[in-house]
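S.K.: build me a structure from this.
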Amino acid sequence: MKKLVPIFVFLLLLSSLMQAQPEVSTRLLNAMRNSNPEDYIRVLVYLQDQVDILSLDAKLYRENASLERRAYEVITALQNKANSTQPDMIAYFENNLENRSIF
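M.R.: Numbering: from 1, shown residues only. Alright, predicted model coming up:
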């Protein structure tokens, strides 16, 4: 359970940075309550500020973009969005992946 505390705190901090109410599913809350301190729990975090993939797809379709260009444009857009909106999350993951407290 103690490994879950940093993740939970991180999620709360992240949600306050995004000025949105955190939504934690009942299933996750139950898993956190019923787990052992050393257990890992996998979670998915959905962020509200996302790349508009549909508009990007329509633009690339109009331009008759190659598959390689499409891949480059989508990956670049996703990376730019992450770098501009999630610097604290990126730093958190980079720091905690090194000491294996998250994976």
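S.K.: list the buried residues in the lengthiest helix in the chain.
M.R.: Criterion DSSP state H: the longest helix present in the chain is helix 67-85. Of all the residues in helix 67-85, those buried under the rule 16 or more other CB atoms under 10 Å are E73, T85. Every residue, glycine included, has its C-beta placed from N, CA and C.
S.K.: and it, what does it pack against?
M.R.: Under the contact criterion of 3 or more CB pairs under 8 Å, 6 or more residues apart in numbering; DSSP states H and E, helix 67-85 touches helix 53-62.
S.K.: give me the residue at the spatial middle of this protein.
M.R.: V45 (5.0 Å; CA atoms, centre = their mean).
S.K.: now do the SS call for it.
M.R.: coil (DSSP: H, G, I helix; E, B strand; the rest coil).
S.K.: now it: phi and psi?
M.R.: Per-residue torsions, V45: phi -110, psi 120 (degrees, to the nearest 10).
S.K.: quick one on the thing from earlier: and the longest helix of the chain, how far from the chain's centre?
M.R.: On the basis of CA atoms, centre = their mean, to the nearest Å, helix 67-85 is displaced by 15 Å from the centre of the chain it belongs to.
S.K.: before we move on, the earlier item: need the per-residue pLDDT for the residue nearest to the centre of the chain.
M.R.: Note for V45: predicted pLDDT of 81.
S.K.: can you check the one 4 residues further on too?
M.R.: Predicted confidence (pLDDT) for D49: 88.
S.K.: burial of it, as a residue count?
M.R.: Neighbours of D49 under the rule other CB atoms under 10 Å: 10.
S.K.: what does I102 give?
M.R.: 15.
S.K.: repeat for P37
M.R.: 9.
S.K.: quick check on it: phi, psi?
M.R.: phi -60, psi -30.
S.K.: how near is it to K81?
M.R.: 35 Å (CB to CB, to the nearest Å).
S.K.: what mean pLDDT does stretch 59-74 get?
M.R.: 96.
S.K.: residues in contact with that stretch?
M.R.: With contacts defined as CB atoms under 8 Å, 6 or more residues apart in numbering, stretch 59-74 is touched by V51, I53, L56.
S.K.: just put those in JSON lines and tack on distance to M89.
M.R.: Formatted as JSON lines, the contacts of stretch 59-74 follow (distance: CB to CB, whole Å):
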{"residue": "V51", "distance to M89": "16"}
{"residue": "I53", "distance to M89": "20"}
{"residue": "L56", "distance to M89": "22"}
